[in-house]
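> sequence first, predicted model second:
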Amino acid sequence: MIRTFLLAAAGLMLLTQIAFGQNSGDLSADEIYRKSQLAYFYPGDDMKARLSMNLVGKGGGIQVRELTMLRIDGAEGGDQKYFIYFHEPGDVRRMTFMVWKYSKTEDDRWIFVPAVDLIRRLAADDKYSSFVGSDFSYEDVSGRDVSEDTHKLIGTEEYDKKVCYVLENTPIGSAPYAKRKSWIDTEDFIPVREEYYDVQGDLYKVFTVANIQNISVDGKSYPTPMTRTMDNVKTGHSTVVTFESVEYNAGLADIDFSERYMRQPPRDWIE
């Protein structure tokens, strides 16, 4: 009888360890989050993608924007550079946005506004502002450094038919949120859902991904969310980004990500 009770208790303890992430391959919360950043922001050595961005109003009205995104990595998990070119509609056509992302210091950001022929460097605090009217911030586009938050592993649970680590992320310094919860796929470490809470503890933004496809290049396969949505649950507004095409290891050069190309980017980048 006692032996049966001990076996049952051991089994219950094992299930509890699995449920609460204590049997997660000895990965810490920081390591899980770092792997998720690598999977989401660093696939390949560079990237060229054509995107559509749908801004969906509370009443259902939709504004569509077409853009090209380029990215090159200096080191895995380290410095990066991003370049975004807007094709349509007319009010943003030829607008460009560039980020030099640093792992240890504040990122550098520039935006070119063709209507006034002006390249403007964005202040550090602008990273929390809306990215050209969308529900994504400038920081959402290029990511937030792992060291800027503390990370706590809450447990594991199923989300969208995937077993996920659930992390609670709390900012150490300034941030547009007081707390963030992340659901990270235990297999490919893609963050499939994130919830953002304000200082009152109220949910105000939800990020989700869908249609994850494996993009193969150079013998490697990179899981890539082809649809990425940010919902503002307080305003009822949302932004849906759809990747129409993605190319990794496209042969981009670090020197190409410079201010001189913001007004006139090379045609083979944006065609």
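Done, it's in. On a predicted model such as this, the values are computed, not experimentally measured, just so you know.
> and the biggest strand by length in the chain, which residues are buried?
In the chain, assigned by DSSP state E, the strand with the most residues is strand 203-217. For strand 203-217, a neighbour-count test (16 or more other Cβ atoms under 10 Å) marks Y204, K205, V206, F207, T208, V209, I212, I215 as buried. Any C-beta I mention is one placed from the backbone N, CA and C, and that applies to glycine too.
> for stretch 65-80, same thing?
R65, E66, L67, T68, M69, L70, R71, I72, D73, D79, Q80.
> how near is the fifth one to R228?
Meaning M69. To R228, M69 is 12 Å away according to Cβ to Cβ, to the nearest Å.
> and what of the fourth one?
T68 sits 16 Å away from R228 when distances are taken as Cβ to Cβ.
> please enumerate the strands of the chain.
Using DSSP E, strands in the chain cover 46-56, 62-73, 80-88, 96-101, 108-113, 118-121, 149-159, 162-171, 179-185, 191-197, 203-217, 220-232, 238-248.
> ok, the longest one: who's next to it in the sheet?
To tie it back to what came earlier, the one meant is strand 203-217. strand 191-197 (antiparallel), strand 220-232 (antiparallel) (DSSP bridges).
> what does it contact?
Residues outside strand 203-217 that contact it (Cβ atoms under 8 Å, 6 or more residues apart in numbering) are 43-44, 135, 140, 177, 188, 190-198, 221-234, 246-249.
> re the thing from before, in JSON lines: the strands paired with strand 203-217, plus mean neighbour count and distance to M98.
Below are the strands paired with strand 203-217 laid out as JSON lines (neighbours: other Cβ atoms under 10 Å; distance: least, Cβ to Cβ, whole Å):
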{"stretch": "strand 191-197", "mean neighbour count": "19", "distance to M98": "24"}
{"stretch": "strand 220-232", "mean neighbour count": "17", "distance to M98": "20"}
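> for the ones you listed, give me JSON lines that also has distance to D145 and mean pLDDT.
Shown next, in JSON lines, are these (distance: least, Cβ to Cβ, whole Å; pLDDT from 0 to 100):
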{"stretch": "strand 191-197", "distance to D145": "15", "mean pLDDT": "98"}
{"stretch": "strand 220-232", "distance to D145": "20", "mean pLDDT": "97"}
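> circling back to that earlier point, between the buried residues of stretch 65-80, which is nearest K35?
D73 (15.7 Å; Cβ to Cβ).
> ok, now which ones touch the closest residue to W110 other than its chain neighbours?
Distances taken as Cβ to Cβ, 6 or more residues apart in numbering put M98 closest to W110, at 4.9 Å, once the chain neighbours are dropped. Residues near M98 by Cβ under 8 Å, 6+ apart: K81, Y82, F83, I84, R109, W110, I111, F257, E259, M262.
> buried subset of the residues you listed, written for ChimeraX?
In ChimeraX syntax, the buried subset of these is picked out as below (16+ other Cβ under 10 Å):
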select :81,82,83,84,109,110,111,257,262
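> pull up the gap between L67 and T242, please.
On the measure of Cβ to Cβ, L67 and T242 end up 11 Å apart.
> what touches both of the two?
Common contacts of L67 and T242 (Cβ under 8 Å, 6+ apart): L51, S52, M53.
> for the last one, which non-adjacent residue is spatially closest?
Sequence neighbours aside, R65 is the residue nearest to M53 in space, at 4.3 Å (criterion: Cβ to Cβ, 6+ apart).
> residue contacts, that neighbour?
Going by Cβ under 8 Å, 6+ apart, R65 touches S52, M53, N54, L55, F86, E88, P89, V92, V132.
> show me which of the residues you listed are buried.
M53, L55, F86, V92, V132.
> need those in CSV with pLDDT and distance to L38, can you?
As requested, those are exported to CSV (pLDDT from 0 to 100; distance: Cβ to Cβ, whole Å):
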residue, pLDDT, distance to L38
M53, 97, 24
L55, 97, 29
F86, 95, 28
V92, 91, 31
V132, 88, 27
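> all good on my end, thank you.
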